[in-house]
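Novice: Whatever this is, show me its structure:
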Amino acid sequence: MKRTAYLAGLVALSAMVTLALQPWRLAETTFERYVIGRLSTDLGLTITTGGDGAFALLPTPRIVAHNVEFATADGTVKGKVPRLRVDLNLASLLTGSVAINHMILVSPQVDVALPREGYDPIALLVSEAASALPRTPRISVRENGSVFFRQGGTIVSAARDIALDISARDAGDAVEASGSTRWRGELVDISFASNSATRATLPMAKIRSAMLDVDFASRRALAGAAASPARIEGQFQASVPSVARLASWLSAGRPVTIPVGKTTVSGTLQLDAAGAQMRNAVVVVGSDTLEGAFDWRKRDARWLLSGTFAGRSLDVGRPQAGIEPQWGAFADSAQGGAIDVDDLMANDVDVRLSLQRVRLPWATLSDVAVQVMAKEQRLDLSIANAGMYRGAMKGRMTLERTASGIGLRTQMTAERIDLGVMSADVTDSRLLSGTGTAQYQIESSGRTALDLITNASGRIAFTARNGDFAGTNLNDVMRRVDRQPLAVARDWRGGRTSFDQASFTGILGGGSLTIGEGQVSGTSYRLALEGRISLLERLFRVEGHALSVNGASQIPFEIVGPLLEPSVQVNARVLLERSGAAAPLIGGRAN
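Specialist: The predicted model follows:
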């Protein structure tokens, strides 16, 4: 009898285990009553399912639903989940209630409607609103979740391949989350903790990607009040391998020419719902360090970034890792769509830099004061009275929105420039010497880069005195051309040519720079240039004549080829015609 009872009990236990392991199909009304209704109440969402649910008791009490849809009351957030698993608390089931331990969303697709001014990550980190949520279970996203951000019905950004874990929390606690996503082709790891009324968890944020690393760990969180909103303070550090690549990534792949490589920003950051400020900011660009402060704050409907920084040097002229020359890319993209200046002019900027030395791709400046200002529909960049190779320069560039797209105005003046020092610095060789003065004034407008190049108009002028240039010795060539024309045709390169004065004036228009007045004068020669430089085709087409002082001898030549690598070609035929021995061979006659 005992053995029979034992066997019967074992069979019953096995049956119970089998039934507990076996998912039971539930009617949709029962499922909604016991679980979906509870989720809707706790999360403040309207939740519906598209079919029956399944329930299993072991190894974890759980309910699985399919084709679940959810939305907030105002419709700003809505989504679909092909498969939703809800793990229940066994102890609560034994007492006749339902308590949720864990929600697992498999491949959810979520739509978020952004306000017209966009979303504010600072407010999300600082706000105590998350702590006002009721108790929430652990929530996980698995198998390539997606979130689409829309403005006015148009997708403006998307996060894909989301794998996310949001920790379980009690009412009043912070929201803590960690996971990864793919944004604009790059994998991004994220950790986050919001502010909370209980202060049990301090706010923090971490971002890891190939484009950007960010760490923020708050040391204290101060409670908000009617007159003083909640604010947090902590150590911040951001590291960027390449500013150019980061800017292109943030602008959805548009090519951005910013010749700055690895950059880090660190300091004590204070955040509140109205913005951020850092009073002891340290910015390291390559091996150069800038120190200062900045404030990023919302004024009416626009953000204002203001700050001042100072440093001994800033080098944005040497080649940086991961940054390719951008001239060709810019010209090739000129056939593309309209230039987007919304990001540049969406907010206000007032940033000032004071630097003892700045290395640019085309020059090195000293004692530089730079100001960047953006307000409403206008952006200004100005350099006031900087030193430049024992001389001085100043310049200004203005961008503004116009009816035809954007308007561009730029001007620059440089005086008393030591051309020998400049040549050695920029080209690593002494190609030119003397004292120079240069100036330009350019205006343009249009919607595309091609428009700006084609519509550009202005004047460029350059004057140099008492110097020389490398490549040939015109004083010697002009003395030999009558006596040895064949030798000059074969061997005119090499040496240096001294000059008393050189001047060039170019008129910009129609996508070309036309040289109307180009003259160089020395003791035994006069040099005249005319022609044009095509900015659209990036080609030199300039003709010149080297004349002896008495005008008896001349050597015609051309400057042709790519804009950045032109070549000088002497008209050898004219020189051969001057030779009695060679003239019959080319049908000419000796002089």
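
Novice: alpha carbons only for contacts and neighbour counts from here, please
Specialist: Fine.

Novice: Quickly list what the closest residue to residue 115 other than its chain neighbours is bridged to.
Specialist: Beyond its immediate neighbours in the sequence, the residue positioned closest to residue 115 (CA to CA, 6 or more residues apart in numbering) is residue 151, lying 6.8 Å away. For residue 151, the beta-bridge assignment (DSSP bridges) gives partners residue 154.

Novice: wait, isn't residue 151 in contact with residue 157?
Specialist: No. Counting by CA atoms under 8 Å, residue 151 does not reach residue 157; the two are 9.4 Å apart.

Novice: neighbours of the residue nearest to residue 115, just the number please.
Specialist: Taking other CA atoms under 10 Å as the criterion, the count of residues near residue 151 is 15.

Novice: next one: residue 146
Specialist: A total of 20 residues lie near residue 146 under the criterion other CA under 10 Å.

Novice: Leaving aside the residues adjacent along the chain, what's closest to it?
Specialist: The spatially closest residue to residue 146, leaving aside those adjacent along the chain, is residue 160, at 4.5 Å (CA to CA, 6+ apart).

Novice: thinking again about what came up before, and the residue nearest to residue 115, how far from residue 158?
Specialist: Relative to residue 158, residue 151 is positioned 12 Å away (CA to CA, to the nearest Å).

Novice: and what of residue 460?
Specialist: According to CA to CA, residue 460 and residue 158 sit 46 Å apart.

Novice: before we move on, what about residue 393?
Specialist: Here residue 393 is placed at a distance of 46 Å from residue 158 (CA to CA).

Novice: Alpha carbons only: can I get the helix or strand containing the residue nearest to residue 146 in CSV?
Specialist: Here residue 160 sits within strand 154-166, counting by DSSP states H and E. Output for strand 154-166, consisting of C-alpha atoms alone and laid out as CSV, is shown next (Å, rounded to 0.1, in the frame of the first residue of the first chain):
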residue,chain,number,x,y,z
THR,A,154,9.7,62.8,-40.6
ILE,A,155,12.4,60.5,-39.3
VAL,A,156,15.3,62.7,-38.2
SER,A,157,17.4,60.0,-36.4
ALA,A,158,17.3,56.3,-35.6
ALA,A,159,19.0,54.0,-33.1
ARG,A,160,19.2,50.4,-34.3
ASP,A,161,20.5,47.0,-33.0
ILE,A,162,19.5,48.0,-29.4
ALA,A,163,20.4,45.7,-26.5
LEU,A,164,19.4,47.4,-23.3
ASP,A,165,18.9,46.6,-19.6
ILE,A,166,17.0,49.0,-17.3
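
Novice: pLDDT averaged over that strand - what is it?
Specialist: pLDDT averaged over strand 154-166 equals 89, rounded to a whole number.

Novice: overlap in contacts of residue 151 and residue 157?
Specialist: Common neighbours of residue 151 and residue 157, using CA atoms under 8 Å, 6 or more residues apart in numbering, do not exist here.

Novice: State the phi and psi torsions of residue 506.
Specialist: Note on residue 506: its backbone torsions stand at phi -120, psi 140 [degrees, to the nearest 10].

Novice: residues contacting the closest residue to it other than its chain neighbours?
Specialist: Sequence neighbours aside, residue 515 is the residue nearest to residue 506 in space, at 4.5 Å (criterion: CA to CA, 6+ apart). By CA under 8 Å, 6+ apart, the contact list for residue 515 reads 504, 505, 506, 507, 529, 530, 531, 532, 533.
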